[in-house]
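*Asks:* Task: produce atomic coordinates for the following.
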Amino acid sequence: MLNPGPRNDPQALAGLLARLQVEPLDLDLLRQACELSLALGQPRPAANLARRLARGLPGQASPLFTLGRALHDLGDWPGAANAFTKAVALDPGDGTAQACLARALDRQGRPADALRVALEVLGQDGLTAATLLLLGELFGRLGQPGTARAACARALATEPGAEPHRCLAKAMAALQDFDGALEHHRLALEWEPANATHLGNLGADLLAMGDARAGLPLLERALELEPARLDLAASYLSHSDQDAALSHEQLFRSGTNCVELACPSAPVTAPACDRNPERKLRIGYVSPHFRSHTMMHWLPPLLEARDRERFSAICFAENPLEDEWTRRYRSQTDGWFSTAGQTAQAIAATIAKHKVDILVDLAGPRDGNRLDVFARKPAPVQVAMLGFDRSTGLRTMDWRLTTPLADPPGKADPWSVERIWRLDGCFSYHPPQNAPEAGELPARVRGGLDFGFLGSPAQVGPDFLQAAGRLLRELPEARLHLLVREGAEEAHKAFKLAPLIAAGVDPRRVVFHPRQANQAATLATYQALDIMLDSFPADSATTVCESLWMGVPVLVLDRPEALRHTGRSLMVQVGLDDWVAADLNAWLRIARRWSADLDGLAALRAGLRNRFAASPLGDPAGSMRAIEAAYRGIWQDACRRSQA
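*Replies:* From the prediction side, this is the model:
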């Protein structure tokens, strides 16, 4: 492929094509035009030119290799594999052509053949760095992270640079070596400090650690360089509330701006629909989480507790892999479409074709989101709920569903591009079926209280750790339990311990737990806690509910100036509003009070699961009636507006 240069422009290509009209058999002109078409992202004319070149150079591998590249870029995997096979037959020593053949075989759905060819290529000497990196990416796709790391390491040794470091970091992350991935992302950025991908990768690593103050500025710089990158915009929006220094206005404006640039509105022409406000409605749900995932605690009622006489449910599943939860969801729907890998335009067309009335986003900007589909407005009404607890920043999103306790009227409305509908009720939590018993109160055995937060390490930043340090100073027998990503122990532990050590806390009083392989083991970890500390400034939902189900009450710091009040809303629903503090001093007082009442804490632990099950959080039918009332009200509003 030609390197970008002054002649790699459409005018240069037009000149070459004009000369070919005069000299159609000039093979050098054909080669130049073919390569330049590929360099300019025009694979279809490149393929046509490569076929002409192959006819003019029979028995030569080069034009067939170029044809394979063009067909690969067109998504014609069988055609690409055929062209690469012929090129390899003519030049068996061309490792690059063999690597491209392996990639085409994988794309064609022949992973075993792809792996066989790729391993044969990797055994050759003298491979270029580019070929080794191609193999590294391919081995990663084929579920061979160790081999991917070896290929990328060879590429780095062959030709040091940013791209080998990036690919090596990706392979290390797949091997759960997050410390190594962090280091190679840093090195990639040192090579190319103005590269948006490297900035985004390192920013994501730091955010996963909980270091929003270092990670968010890197994402901001990445978005300045490439504002159209939806992955960067989504990552920024997802994590921006972890920096307590950002005001509501800053959060809103920065989030909205980056989403508007990365995901501009491009409405499709949706078919006309029946605006009868009382008819049966077709509800479409879009999510990458119709599988074993945290959202399995919140999504089942949407399908299993619905009123089938008044609402149809159609799912647009973005998850590429399926499991028993996927099959459970699918069995409860009136329509199921797997959308992974499809373009936004194609998905929007499917939604419009099936006349969805209300399209519901269940992911927000989280990984695997399809905000680009919602930007096309394929349904008359679009709603966001459950997957994200703030404004999506997407102006084609009409409503956001929430609760009055989590989003008090008037507080969040100025900072939301969507209109806010507050349920007459709450969302319900689907408890795990394999949860162990709560067990005995640990403080009764050890003597001091065990506090902790067992949610995502990304939510444990300096503000939380400084408050926890003060708590441990006031209760000298207490300990703190935190989750840490396996493979990231060194960097994560150093980051978490620094504020605690600065507060005078002995690091031996901090207990780190690895992420567990299954849900039952994860829940068993809560048996080590007496009291869970909700995260802040970004609070939790699933972690709070898990903790309560396991008999561990949650101490919530709910500052009045906060935009969201998820932790408080959940504690009120189970009748534990006295566990909610409005400031840090009150938070510490509640902790001290319960440290002096272990009998009361043990009694609360013993009855907390039953209390939760009897609360509105344990009532999926009641929750779904509230959600369906919201759907009906939103649809009636849309009907009125269409007639105005």
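
*Asks:* Only C-alpha atoms from now on, for both contacts and neighbour counts.
*Replies:* Will do.

*Asks:* so how far is residue 105 from residue 480?
*Replies:* Distance, residue 480 to residue 105, using Cα to Cα, to the nearest Å: 51 Å.

*Asks:* One more: residue 62?
*Replies:* Residue 62 is 19 Å from residue 105, where distance means Cα to Cα.

*Asks:* Neighbour count: those two, which is higher?
*Replies:* More crowded of residue 62 and residue 105, by other Cα atoms under 10 Å: residue 105, with 23 against 20.

*Asks:* Quick check: what element follows the helix or strand hosting that one along the chain?
*Replies:* Assigned by DSSP states H and E, residue 105 belongs to helix 95-107. Per DSSP H and E, the first helix or strand lying C-terminal to helix 95-107 is helix 111-122.

*Asks:* Output the contacting helices and strands for the next helix-or-strand element following that following helix.
*Replies:* Remark: after helix 111-122, the chain's next helix or strand is helix 129-141, criterion DSSP H and E. Secondary-structure packing of helix 129-141 (3 or more Cα pairs under 8 Å, 6 or more residues apart in numbering; DSSP states H and E): helix 95-107, helix 111-122, helix 145-158, helix 162-174.

*Asks:* OK, contacts around residue 196?
*Replies:* Neighbour list for residue 196: 221, 222, 223, 225, 226 [criterion: Cα atoms under 8 Å, 6 or more residues apart in numbering].

*Asks:* That should have said residue 101, apologies.
*Replies:* 80, 81, 84, 85, 114, 117.

*Asks:* Does the fifth one touch residue 108 like I think?
*Replies:* No - in this structure, residue 114 sits apart from residue 108 without contact. The criterion is Cα atoms under 8 Å, and the distance is 9.3 Å.

*Asks:* higher neighbour count, these two?
*Replies:* Taking neighbours as other Cα under 10 Å, residue 114 and residue 108 compare with residue 114 leading, 24 against 17.

*Asks:* by contact count, what packs against the worst-scoring helix or strand of the chain on mean pLDDT?
*Replies:* Counting by mean pLDDT, DSSP states H and E, the chain has its least confident helix or strand at helix 10-22, which shows a mean of 79. If you count contacts as 3+ Cα pairs under 8 Å, 6+ apart, helix 10-22 packs onto helix 27-39.

*Asks:* Mind listing what's buried along whichever helix or strand comes after the helix it packs on?
*Replies:* On the C-terminal side of helix 27-39, the closest following helix or strand by DSSP H and E is helix 43-56. For helix 43-56, a neighbour-count test (16 or more other Cα atoms under 10 Å) marks 43, 44, 46, 47, 49, 50, 51, 52, 53, 54 as buried.

*Asks:* what does stretch 292-312 give?
*Replies:* 295-307, 311-312.

*Asks:* and what of stretch 272-289?
*Replies:* Neighbour count says stretch 272-289 has 275, 277, 281, 282, 283, 284, 285, 286, 287, 288, 289 buried, by 16+ other Cα under 10 Å.

*Asks:* which residues does the closest residue to residue 71 other than its chain neighbours contact?
*Replies:* Once flanking residues are discounted, residue 71 sits nearest to residue 80: 5.0 Å by Cα to Cα, 6 or more residues apart in numbering. With contact taken as Cα under 8 Å, 6+ apart, residue 80 is in contact with 67, 68, 69, 70, 71, 72, 101, 104.

*Asks:* Secondary structure and distance to residue 251 added to those residues, as CSV?
*Replies:* Shown next, in CSV, are these (DSSP: H, G, I helix; E, B strand; the rest coil; distance: Cα to Cα, whole Å):
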residue, secondary structure, distance to residue 251
67, helix, 48
68, helix, 47
69, helix, 44
70, helix, 43
71, helix, 44
72, helix, 41
101, helix, 47
104, helix, 43
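
*Asks:* Just the closest of those to residue 358, please.
*Replies:* If you rank the contacts of residue 80 by distance to residue 358 using Cα to Cα, residue 72 comes first, at 37.6 Å.

*Asks:* residue contacts, that closest one?
*Replies:* 79, 80, 104.

*Asks:* Nearest spatial neighbour of the first one, chain-adjacent residues omitted?
*Replies:* In space, and not counting its chain neighbours, residue 79 is closest to residue 71: 6.3 Å by Cα to Cα, 6+ apart.

*Asks:* Check residue 266 too.
*Replies:* In space, and not counting its chain neighbours, residue 266 is closest to residue 376: 4.6 Å by Cα to Cα, 6+ apart.

*Asks:* unless I'm mixing things up, that neighbour is touching residue 346, no?
*Replies:* No - the pair residue 376 and residue 346 does not pass the contact test of Cα under 8 Å, sitting 10.6 Å apart.

*Asks:* who's more crowded, these two?
*Replies:* residue 376 (22 against 12).

*Asks:* What's the separation between the more buried one and residue 268?
*Replies:* Residue 376 sits at a distance of 6 Å from residue 268 (criterion: Cα to Cα).

*Asks:* so what sits against both of those two?
*Replies:* What both residue 376 and residue 268 touch, as defined by Cα under 8 Å, 6+ apart, is the set residue 348.

*Asks:* hey, C-alpha coordinates of the helix ranked longest in the chain in CSV?
*Replies:* Identified as the longest helix of the chain according to DSSP state H is helix 620-643. Extracted as CSV, the C-alpha positions of helix 620-643 are listed here (Å, rounded to 0.1, in the frame of the first residue of the first chain):
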residue,chain,number,x,y,z
PRO,A,620,-41.0,-7.2,39.7
ALA,A,621,-44.7,-7.1,38.9
GLY,A,622,-45.2,-3.8,40.7
SER,A,623,-42.1,-2.4,39.0
MET,A,624,-43.3,-3.4,35.6
ARG,A,625,-46.7,-1.9,36.1
ALA,A,626,-45.0,1.4,36.9
ILE,A,627,-42.8,1.2,33.8
GLU,A,628,-45.7,0.3,31.6
ALA,A,629,-47.7,3.2,33.0
ALA,A,630,-44.7,5.4,32.0
TYR,A,631,-44.7,3.9,28.5
ARG,A,632,-48.4,4.6,28.1
GLY,A,633,-48.1,8.1,29.4
ILE,A,634,-45.1,8.8,27.1
TRP,A,635,-47.0,7.5,24.1
GLN,A,636,-50.1,9.5,25.0
ASP,A,637,-47.9,12.6,25.1
ALA,A,638,-46.4,11.8,21.7
CYS,A,639,-49.9,11.4,20.3
ARG,A,640,-51.0,14.8,21.7
ARG,A,641,-47.9,16.5,20.3
SER,A,642,-48.5,15.0,16.8
GLN,A,643,-52.0,16.4,16.7
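
*Asks:* OK, contacts around the residue nearest to the spatial centre of the chain?
*Replies:* Against the mean C-alpha coordinate of the chain, by Cα atoms, centre = their mean, the closest residue is residue 367 at 1.4 Å. Going by Cα under 8 Å, 6+ apart, residue 367 touches 234, 235, 288.
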